[in-house]
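Novice: Sequence below, structure please.
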Amino acid sequence: MPEKRRCVIFCSYRGIWKDELEERLQTENKVTILALGRNMYKLLAYLRKRKDIEIFKLGTKYMKNRDKGIGIKITVRKLHA
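Specialist: Coordinates of the predicted model:
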């Protein structure tokens, strides 16, 4: 049976994604996060500070509309102590 498709978290400048990430890490093993532009750097800085979260997969891509810049797709998982 195919694996259940997971929804992704899109990072906005308001930072609501942090709460949603915490909720999903409680129930799911892996969580995928998307970010554009300056939000990429905020996301990477947040994940780097967190010692209990591991970056499992990371990918970058130019958007079709080049004005939006580079997008980032990160799959993270929570480390169990």
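Novice: center of this structure, which residue is that?
Specialist: By CA atoms, centre = their mean, the chain has its centre lying nearest to residue 33, at 2.3 Å.
Novice: Report the beta-bridge partners for that residue.
Specialist: As for beta bridges, residue 33 partners with residue 9, residue 74 under DSSP bridges.
Novice: Which residues are in contact with it?
Specialist: 8, 9, 10, 11, 17, 21, 43, 73, 74, 75, 76 (CB atoms under 8 Å, 6 or more residues apart in numbering). The C-beta positions use only the backbone N, C-alpha and C, and glycine is treated the same way.
Novice: per-residue pLDDT, it?
Specialist: Residue 33 carries a pLDDT value of 94.
Novice: With residue 6 instead?
Specialist: pLDDT, read off for residue 6, is 63.
Novice: how about residue 35, secondary structure?
Specialist: Under DSSP: H, G, I helix; E, B strand; the rest coil, residue 35 falls in the strand class.
Novice: Tell me how many other residues crowd the closest residue to it other than its chain neighbours.
Specialist: Among residues not flanking residue 35 along the chain, residue 11 sits closest, at 4.0 Å (CB to CB, 6 or more residues apart in numbering). Around residue 11 there are 24 other residues, counting by other CB atoms under 10 Å.
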